[in-house]
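Student: predicted model follows, preceded by the sequence.
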Amino acid sequence: MTGAGSAAGARALGALTRAGGADRGGIAAITRQALRTKRGAIGLALVLAVVLFAVVGPFVAPYSPDALVTVPLSGPSGHAWLGGDFLGRDVWSRLLAGGGALLLLAVLATLLGVGAGTAIGVTAGLVQGKTDSVLMRLVDVGLAFPQIVFALLLVSVAGARPWLVVVAVGVSHTPQVARVTRAATLDVAEQDFVKVAESNGVRRWRIIVFEIVPNLVSVLMVELGLRLTFSITLIAGLTFIGFGLRPPAPNWGVMINENRIGLTLNPWGVLAPIAMIAILTIGMNLFTDAFASAAIGVDRAGDLMLEAAPFAAEAAP
Amino acid sequence: MTGSGTVTGADRIRLSVRDLRVELADGSADVVAEVSFDVAAGHTLGIVGESGSGKTTVAHALLGHCRRGLKLASGSVVVNGTDLLAAAPEELRRHRGRMVAFVPQDPGKALNPVMRIRRQLAESVAGLDNGRARIPAILADVGLDARPEILDAYPHQLSGGQQQRVCLAMAFAPRPDLIVLDEPTTGLDVTTQRRVLDTVKRLSESYGVASVYVSHDLAVVAEVADRVAVMYAGRVVELGAAADVLAAPSHPYTRGLLLAAPRPNEATAMEGIPGYPPRAGQRPPGCSFRPRCPIAVDRCRDTPPPEFVRPDHLVRCFRAADESVRAVAGPLREQAPGPAGPAALQASQISARYGRRQVLHDVSFEVRQGECLAIVGESGSGKTTLARCVSGLVADWTGSVRFDGAELARNVRGRDRSVLQKIQYVYQNPYASLNPRKTVRQILAGPVEHFSGKRGAAVTAVVSQALESVALSPQLLRRFPAELSGGERQRVAIARALAVEPSVLICDEITSALDVSVQAAIIRLLHDLQLLRDLTLVFITHNLALLPSIAHSVVVLQHGRVVESGDVHAILSAPAMPYTRSLIANAPRLDPPGHENPPQSWTADLRETTK
Amino acid sequence: MSLAATPASPGEAVPAPARRAGGTLLPLLGRRLVAGVFTLFAVSVVVFAATQVLPGNAATAVLGQSGTPQRVAQLEAQMHLDRPAVAQYASWIGGILHGNPGTSLVANQSVASIVLPRVLASAALVLIAAVVGVGIGVVGGVLAASRRSGLIDQSMSLGSLIVTAMPEFVVALLLVVLFSTTVLRVLPAVSVITPGRSVLDSPAELVLPIATLVIVIVPYIFRMMRGAMLEALESDYVEMARLKGLSVRRVLFVHALPNALAPVIQVIGLTLLYLAGGIVVVEFVFNYPGLGQGLVNAVTTRDIPAIQFLVLLLAAFYVFVNIVTDVLVLLVSPRRRYPR
């Protein structure tokens, strides 16, 4: 298509941006926008509630998570609000104490995975050529099996210590993140404003830091949200199966598994930690979705509208 | 009520629109209102307007269609006795594609990418007598052979021109009573555009259809239309015979458009229209055009102007009768000869390739200090590649570029800082050339800080001045690109280039993405800047008509080769090469032969129709 | 070439015939197959290397506490663990290619005999869940896109966000609580099928695992299908089809749907890939005798040959699904299949 071809689209876009309340393009603005939606606000509230619960929990638990305080698998009572677990420990106290480790591990694993993945993806996207091919072949290997299998493989190799779980889960995120960030980098790097900097002789690293990375931030934020949700799922799942944090450590994943046999007697030993995990992941998902929608609205307006040319011309709602 | 657009005489009226009104879906504001006109069989009505004028909405409404977010509120669209807006959905559907047909703006997108051409053509004649048999005939009529290669092809395998001809075939094959064309030649090369326009004219006449041709390009409309309607902010502000409207416009907006229109034959000083059109729901009280109107008076603020009519000609302006405000074209620019000094930029035998494809073959040109060289070509001519080679952004090219006598390194990396500073580049797409995450100040400050080492207040002073030199307020420094219009963004891009005080400015199709009135303002700005700062300009464009208003000399490219080069006026008036001749001949002209009726006066027969 | 402004276009480029044999299909298939083989090769190296990094080695793992240095050395020699790593790798790969993936360290039978019966069980889960899930998701997505009722749209998209957020074991256990233990008691909570017996003998034990998987995948498929259909329905060509006066049915099924196929095929591929991982946890919850449970057992008991083989099998499944997806997507995308 010649320059004249996209002319109509861009002309129409002109009308729309003049028209349609275009926001500032900043992360803070996108976050504010996300929080204005019901989804975003509720999601963040849920997440914060669970985080608060997990962080403060150990300090307000009525009993130590290891203390035997009641009949095993007894129902809720005055001194054990959610009843007893399969050994007779207080479910409520264990619930309060069981989130911290999970959250910490999940956050660390996510940071590791997203950090490494971004480094690889951005490098591949910027340098291109041979390095790009090599890196992407490696990524393909990483993408060749499910994340949980990858994590299990690493765990089987080195035992199931917590830091290993972090590394295993983190590394299992890396290929996906690398793919996404590479695509985003390629997208940004071919924009004209990057060429302006190149043609002025601005040094490579400056272009990366000041021109390209700021445009990757919203993609990164969405990836962070998605990956964090998945980290929580993976780590809870791994501990549920029995790898990671071992009993007697109070941990929601462990609790769910060890109290399964008592489901018919006291379901709370299973339902309570399930509820906590579910609320956390649901909240994260809602907020990430709201953030992604806000990001698309704010900064991808240009790209999208160029495609949707004629529509923008007339209707300016 | 006698419609103001009534066609007199024995011509059969095929289309009659009355008081068409389209609103936003929630009813909060109107997008198009009070639109009325008639079109006779075999005649073409051109609807002209810029972004936000409502012309595409009207085009869709003629088929009883509206985009999501809008609704057809009231009015009538009567085609051969049937009011499409009042028809039941099933009846309307039957009429579409049979009684009324549509030719889309972007044929590449309007054809189903996973369906072969044969099937899509068959759909348009399904159920008609001799349906299938019509196809070869109609294809021949639009200039395509009914070959298997074309019929069995998928849309993406055809060129833009071929795609559009398929769409024309789909529209004309069922022999409709009305055809609506929505900017069908946008995106096509001049040559292809000429062919399509001729086809449309020929078929409209021979098939006896009534046509409505929507466009933003005045010259195209001048070629194709018998009558012209000018739309602004959702209303028809002028409507009459093409000759009258285009040669002697009565509405200040139409006049503004004509002043802004580039003319290939005269070196006019194009004038833009300041400001921009209001969006739906934000129309100022009284006349919508008032804030931008050079002849507005107090009365214009109080009530919207009704239609002033004489037979055949409607104008929505209180001052339509004022003879004194009737200038049509801007003053001729001083045709100073190009500067004769040492060459500022010399390109010799530039050849470039993308992979295996040779894109440029031995291209050479020269620009003197203070001169403006235009590089003209259609798509695929290599003009942008040429500019990129000169700027050092292309990997694989041979040849040499000399700046101020000194040879430049092939690639940006090898070039001196001062050279990089002196040669600045402005890109075509104002939506991609500004970093969406930076404020205007940061965008402008970047190159300034990079080259001058200044920081802080000193930089602010420089960038404020740069903004002012492109007629923008320093208040914009705090804004993000998303908050600016296309024209404003392009000015920021120009300011960014100017802020580092270059001596050469390369402009790559910088106005292609802008409205005509905005384009005129930018061209004017460039012209003034060039004079003021003794800038050397390299102006790349596909639009020949812009040349006389800004360029001294021109290089014509075709398929990566220089076809012709020399002084603009010499080449435009007496082109030597066939390709150049065809480019000039094929460009649509605002005053094509046949439109020579002298403007008529208003004083007689002034009728005021109140609403 | 005539440049005169005549209607005929003798000079315009004619597209290459659209029916060139296969278009770009065969070259793509070839490339993907080669890439797939390389990936599998690389995966096998990674798996092998990872498991060989174990502290201690297979011999000590087998003998456990009772391993004196001499007995360890003896067993090592017996298991060929004293040979260089590359040779061990070669014999392992060679074994696999000949259909003998080694002997289990734990059960004293060939790995193949442990793993292969489980393949069928997992295949039943995955296939049934995929068919049901894709069916519901695709049909639902098409309906949602063509109706565009604000309320249904909003609630379904919210619902799908919620459901996809929850880990599979959460869904599984909720179902167990609902249908097995607490609310209703109609379905078995765990499976008692031994590996090897056909799972289809006791269909009741299939219901909850399949239901879990279906619940987890349907929202994703639904959203993707709806998104793809919406994009097609809001496209210029669908608008053109409407302006041509085509019937609603034709617009939906002949114009919109075929254009939504490519993203749908990709989603189905991704779903299958996801299921390959989802079965690990789900089979664990329900004690279902499939590959997932096999892998968990193998990791728990450090049965290295079994781990190696299982992971390799899963990787092969991945590569296979990816190739098939790519080929199918190409088949339905004329733009990529017959480039200009």
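Tutor: Cool, got the structure.
Student: least trustworthy helix or strand in the chain by mean pLDDT?
Tutor: No chain was given, so I picked chain A. Of all the helices and strands that make up chain A, the one with the lowest confidence by mean pLDDT, DSSP states H and E is helix A:309-314; it has a mean of 26.
Student: chain C was what I was after
Tutor: Least confident helix or strand, chain C: helix C:58-63 with a mean of 59, by mean pLDDT, DSSP H and E.
Student: any chance of the backbone angles for residue B:358?
Tutor: phi -80, psi 120 (degrees, to the nearest 10).
Student: sorry, wrong one. I was asking about residue A:266.
Tutor: Taking degrees, to the nearest 10, you get phi -130, psi 90 for the backbone angles of residue A:266.
Student: okay, now it: neighbour count?
Tutor: 24 (other Cβ atoms under 10 Å in any protein chain shown). C-beta coordinates here come from the backbone N, C-alpha and C atoms, glycine included.
Student: surely it touches residue A:87?
Tutor: No - in this structure residue A:266 lies outside contact range of residue A:87 using Cβ atoms under 8 Å: 11.9 Å.
Student: in chain C, which residue sits nearest chain A?
Tutor: With Cβ to the nearest Cβ as the measure, the residue in chain C that lies nearest chain A is residue C:277; the distance is 2.5 Å.
Student: dump the residue contacts of the residue in the stretch 101-250 of chain A positioned nearest to chain C.
Tutor: Nearest residue of the stretch 101-250 of chain A to chain C, counting by Cβ to the nearest Cβ: residue A:146, 2.5 Å away. Residue A:146 makes contact with C:273, C:274, C:276, C:277, C:278, C:280, C:314, C:318 under the criterion Cβ atoms under 8 Å, 6 or more residues apart in numbering or on different chains.
Student: what helix or strand does the second one sit in?
Tutor: If I follow you right, that is residue C:274. Assessed by DSSP states H and E, residue C:274 sits inside helix C:257-286.
Student: quick one: is the very next helix or strand once past that helix near chain A?
Tutor: Once helix C:257-286 ends, the next helix or strand along the chain (criterion: DSSP H and E) is helix C:291-301. Yes - using Cβ under 8 Å from any Cβ of the partner chain, a contact is recorded between helix C:291-301 and chain A, made by C:295, C:296, C:298, C:299, C:300.
Student: dump the residues you listed to CSV, plus pLDDT.
Tutor: Compiled in CSV, these are given as follows (pLDDT from 0 to 100):
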residue, pLDDT
C:295, 88
C:296, 89
C:298, 85
C:299, 84
C:300, 83
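Student: out of the residues you listed, which is most surrounded?
Tutor: Each of the residues of helix C:291-301 next to chain A was scored by neighbour count (other Cβ under 10 Å); the top score is that of residue C:295, with 30 neighbours.
Student: settle this for me: it is touching residue C:281, isn't it.
Tutor: No - at 10.8 Å, residue C:295 and residue C:281 do not qualify as touching, with contact defined as Cβ under 8 Å.
Student: and the average pLDDT for stretch C:245-255 is what?
Tutor: Mean per-residue pLDDT for stretch C:245-255: 92.
Student: hmm, who's touching that stretch?
Tutor: With Cβ under 8 Å, 6+ apart as the contact definition, stretch C:245-255 has outside contacts at B:93-98, B:112, B:115, B:123, C:142, C:146, C:232-233, C:237-238, C:241-242.
Student: that stretch: which residues count as buried?
Tutor: Applying a neighbour-count criterion of 16 or more other Cβ atoms under 10 Å in any protein chain shown, the buried positions in stretch C:245-255 are C:245, C:246, C:251, C:252, C:254, C:255.
Student: who are the neighbours in contact with residue 266?
Tutor: Just so you know, I chose chain A. A:73, A:74, A:75, A:83, A:84, A:85, A:91, A:259.
Student: I was thinking of chain C, sorry if that wasn't clear
Tutor: For residue C:266, the contacting residues are C:325, C:329, by Cβ under 8 Å, 6+ apart.
Student: roughly how far does it sit from residue C:225?
Tutor: Residue C:266 sits at a distance of 11 Å from residue C:225 (criterion: Cβ to Cβ, to the nearest Å).
Student: columns neighbour count, secondary structure and distance to residue B:206 on top of the contacts of residue A:266, output as TSV?
Tutor: Formatted as TSV, the entries for these read as follows, by neighbours: other Cβ atoms under 10 Å in any protein chain shown; DSSP: H, G, I helix; E, B strand; the rest coil; distance: Cβ to Cβ, whole Å:
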residue	neighbour count	secondary structure	distance to residue B:206
A:73	22	coil	91
A:74	17	coil	94
A:75	14	coil	90
A:83	25	coil	89
A:84	28	strand	93
A:85	29	coil	89
A:91	31	helix	87
A:259	27	coil	85
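Student: pLDDT weak spots in the chain?
Tutor: Since you didn't name a chain, this refers to chain A. Segments of chain A classed as low confidence (criterion: pLDDT under 70) are A:1-26, A:247, A:296-317.
Student: you looked at the wrong chain, it should be chain C
Tutor: Within chain C, the stretches with pLDDT under 70 are C:1-23, C:53-67, C:72, C:75-84, C:101, C:104-108, C:149-150, C:182, C:191-201, C:340.
Student: where is the longest helix in it?
Tutor: Ranked by residue count under DSSP state H, the longest helix found in chain C is helix C:111-147.
Student: what is the distance between the helix holding residue C:274 and the centre of its chain?
Tutor: With Cα atoms, centre = their mean, to the nearest Å as the basis, the distance from the averaged C-alpha position of helix C:257-286 to the chain average is 5 Å.
Student: for stretch C:116-124, same thing?
Tutor: On the basis of Cα atoms, centre = their mean, the separation between the geometric centre of stretch C:116-124 and that of its chain is 14 Å.
Student: would you mark the buried spots in it?
Tutor: Residues of stretch C:116-124 classed as buried under the neighbour-count rule (16+ other Cβ under 10 Å) are C:116, C:117, C:118, C:120, C:121, C:122, C:124.
Student: might one say that residue B:401 is in contact with residue B:352?
Tutor: No - at 12.0 Å, residue B:401 and residue B:352 do not qualify as touching, with contact defined as Cβ under 8 Å.
Student: greatest separation within the buried residues of stretch C:245-255: which pair is it?
Tutor: Pairwise distances across the buried residues of stretch C:245-255 peak at 14.8 Å for C:245 and C:252 (criterion: Cβ to Cβ).
Student: including distance to chain B, could the buried residues of stretch C:116-124 go into JSON lines?
Tutor: As requested, those are exported to JSON lines (distance: Cβ to the nearest Cβ, whole Å):
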{"residue": "C:116", "distance to chain B": "41"}
{"residue": "C:117", "distance to chain B": "43"}
{"residue": "C:118", "distance to chain B": "41"}
{"residue": "C:120", "distance to chain B": "38"}
{"residue": "C:121", "distance to chain B": "39"}
{"residue": "C:122", "distance to chain B": "35"}
{"residue": "C:124", "distance to chain B": "35"}
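Student: thinking again about what came up before, need the overlap of contacts for residue B:401 and residue B:352.
Tutor: Between them, residue B:401 and residue B:352 share these contacting residues under Cβ under 8 Å, 6+ apart: residue B:389.
Student: report whether the expected contact of residue B:257 with residue B:231 is present.
Tutor: No - with contact defined as Cβ under 8 Å, residue B:257 and residue B:231 do not form a contacting pair (10.8 Å).
Student: quick check: longest helix of chain A.
Tutor: helix A:268-299.
Student: by proximity to chain B, which residue of chain C wins?
Tutor: residue C:245 (3.3 Å).
Student: checking that residue next. Helix, strand or coil?
Tutor: When states are read from DSSP: H, G, I helix; E, B strand; the rest coil, the local structure at residue C:245 comes out as coil.
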